[in-house]
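Trainee: This is a predicted model, with the sequence first.
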Amino acid sequence: MASNKLTYSKSGVNIPKADSFVKFISFLTRKSSKSVDFKNIGGFGAISKIPKKLIDPHIVTSTDGVGTKIEIANELNKFDTIGIDLVAMCVNDLVVQGAIPYLFLDYISISKIQLNKLKNLAKGIVKGCKIANCKLVGGETAEMPGTYSKGKFDIAGFAVGLVEKRKILSNKVKKNDLILAVPSNGLHSNGFSLVRYIIKKKKINFKNDKFLKQELIRPTKIYVKELSFLIEKKLINACANITGGGLVDNVQRVVPDNLCADINLNNINTLKIFKWLHKIGVSEKEMLKTFNCGVGFCLIINPNKLKLVSKYFGKKFKPYVIGKISESSKKVKLSGKISW
């Protein structure tokens, strides 16, 4: 009888550890919610009821990842916030349509299962779902030896939101509407390939720099709670999640033809991390194209509703006016200059 058995574990895949991780997620979700939906985590599929109170409900879906921010998490050996980023990147796109996040699933692929790392990732995902008031109903953890080098991993998320047809945010933008900036929490999860390139090129040891260490791992702001109130009260005509592509690329997606978002960059209150990036050598043009520059979300509202909209935000994320809607064939016009 051959002593060198051919087994899945010898190829680098550890099924018992994967099963242990699934049980841990199931425990976390049960602990965070009384919903009976969580009992089928680890099954072939998760079953959830469709809320009966909705009239003519529509499903909105979104899928995303956190890009190379995971490399920062690896460098700092800190994994308890990157899951919040994952949820945020998906659910913030749902509310742009007027949808309220309902379900979330995650996908984690890793070279070799490391339970402590995965448990911290899961804690962040569960916390993100709690902030977004949605249910983590399932996911997949794939151990892929040979595909990822030692210690490397990737994560992706999938979110489902629900919106009544009458509440879908579309084609409501009008001339003279105000454009509001809702502050970001920092870099969020975009532009990290450039950030990492700068760190490498300038030979910056960010692990010993308290400011950079905090800013580079700071989680993406989840705007669901505030936006849910605004959607319910019909206080916004459109909104844009400012992710990759910056202000111009994202705002123009919600501006109708023959109208223009006139944005005055003088009005933007940027953050220290963006000032640092600009000072180190990133041009303003590149800053605006790659980063949110301190604007995590944009709202387009009727001028009469400004005071009412503001009351739904805490001091740190209080929206402020950066422009207005005018008539033009160009969807976005920038004037002024950010104060760096």
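Mentor: Alright, I've got the coordinates.
Trainee: Okay, strands next: where are they in the chain?
Mentor: 57-65, 100-110, 135-143, 153-164, 178-183, 238-241, 259-264, 295-301, 320-327, 332-335 (DSSP state E).
Trainee: With distance to Thr270 and mean pLDDT added, can I get those in TSV?
Mentor: C-beta here means a position set from N, CA and C on the backbone, and glycine is covered the same way. As requested, these are exported to TSV (distance: least, CB to CB, whole Å; pLDDT from 0 to 100):
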stretch	distance to Thr270	mean pLDDT
strand 57-65	24	95
strand 100-110	28	94
strand 135-143	34	88
strand 153-164	28	96
strand 178-183	10	98
strand 238-241	18	96
strand 259-264	14	97
strand 295-301	8	98
strand 320-327	11	98
strand 332-335	14	97
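Trainee: and of these, who's closest to Glu232?
Mentor: strand 100-110 (8.8 Å; CB to CB).
Trainee: Identify the neighbouring strands of that closest one in the sheet and state each direction.
Mentor: Sheet partners assigned to strand 100-110 using DSSP bridges are listed as strand 135-143 (parallel), strand 153-164 (antiparallel).
Trainee: how about the strands of the chain, which one is nearest Ile125?
Mentor: strand 100-110 (5.4 Å).
Trainee: Can you list the buried residues in the closest one?
Mentor: Neighbour counts over strand 100-110 (16 or more other CB atoms under 10 Å) mark Ile100, Pro101, Tyr102, Leu103, Phe104, Leu105, Asp106, Tyr107, Ile108, Ser109, Ile110 as buried.
Trainee: Would you confirm that the fourth one contacts Asn133?
Mentor: Right, the one you point to is Leu103. No. Leu103 lies out of contact with Asn133 (CB atoms under 8 Å); the separation is 11.5 Å.
Trainee: Would you mind measuring from Ile108 to Val66?
Mentor: 12 Å (CB to CB, to the nearest Å).
Trainee: can you check Asn185 too?
Mentor: Asn185 is 14 Å from Val66, by CB to CB.
Trainee: Repeat that for Thr243.
Mentor: For Thr243, the distance to Val66 - CB to CB - is 11 Å.
Trainee: Between those two, point out the one with more neighbours.
Mentor: Val66 (26 against 23; other CB atoms under 10 Å).
Trainee: List phi and psi for the more buried one.
Mentor: phi -120, psi 10 (degrees, to the nearest 10).
Trainee: pLDDT value on it, please?
Mentor: Val66 carries a pLDDT value of 97.
Trainee: Next up, the contacts around Lys316.
Mentor: Pro183 (CB atoms under 8 Å, 6 or more residues apart in numbering).
Trainee: could you measure it against Gly83, distance?
Mentor: For Lys316 relative to Gly83 (CB to CB), the value is 22 Å.
Trainee: Quick check: chain neighbours aside, which residue is closest to the most centrally placed residue in the chain?
Mentor: Nearest residue to the geometric centre of the chain (CA atoms, centre = their mean): Met89, 2.0 Å. Computed as CB to CB, 6 or more residues apart in numbering, the closest residue to Met89 that is not its neighbour in sequence is Asp64, at 4.0 Å.
Trainee: Might one say that that neighbour is in contact with Asn190?
Mentor: No. Checked against CB under 8 Å, the pair Asp64 and Asn190 is beyond contact range at 10.6 Å.
Trainee: Number of residues surrounding Val282?
Mentor: Val282, neighbours per other CB under 10 Å, totals 19.
Trainee: swap in Phe274?
Mentor: Neighbours of Phe274 (other CB under 10 Å): 23.
Trainee: Contact partners for it?
Mentor: Applying CB under 8 Å, 6+ apart to Phe274 gives the contacts Met287, Phe291, Cys293, Gly294, Trp340.
Trainee: can you pick the most crowded of those residues?
Mentor: In the contacts of Phe274, the most neighbours by other CB under 10 Å go to Phe291, 30 neighbours.
Trainee: and the gap between that one and Val173?
Mentor: From Phe291 to Val173 the distance is 25 Å (CB to CB).
Trainee: quick one: contacts for Phe211?
Mentor: Counting by CB under 8 Å, 6+ apart, Phe211 has contacts Lys272, Trp276.
Trainee: What sits closest to Leu299 if chain neighbours are left out?
Mentor: Leu299's closest residue in space is Leu180 (CB to CB, 6+ apart), at 4.3 Å.
Trainee: Burial check on the one you found, number of neighbours?
Mentor: The tally of other residues near Leu180 (other CB under 10 Å) stands at 23.
Trainee: Bridged to it, which residues?
Mentor: In beta-bridge terms (that is, DSSP bridges), Leu180 pairs with Leu299, Val321.
Trainee: That one reaches Cys298, doesn't it?
Mentor: Yes. Assessed by CB under 8 Å, Leu180 is found in contact with Cys298 at 6.6 Å.
Trainee: hey, what's in contact with both of those two?
Mentor: Common neighbours of Leu180 and Cys298 (CB under 8 Å, 6+ apart) are Ile322.
Trainee: that older thread, for Ile198, see how far away the residue nearest to Met89 is.
Mentor: 24 Å.
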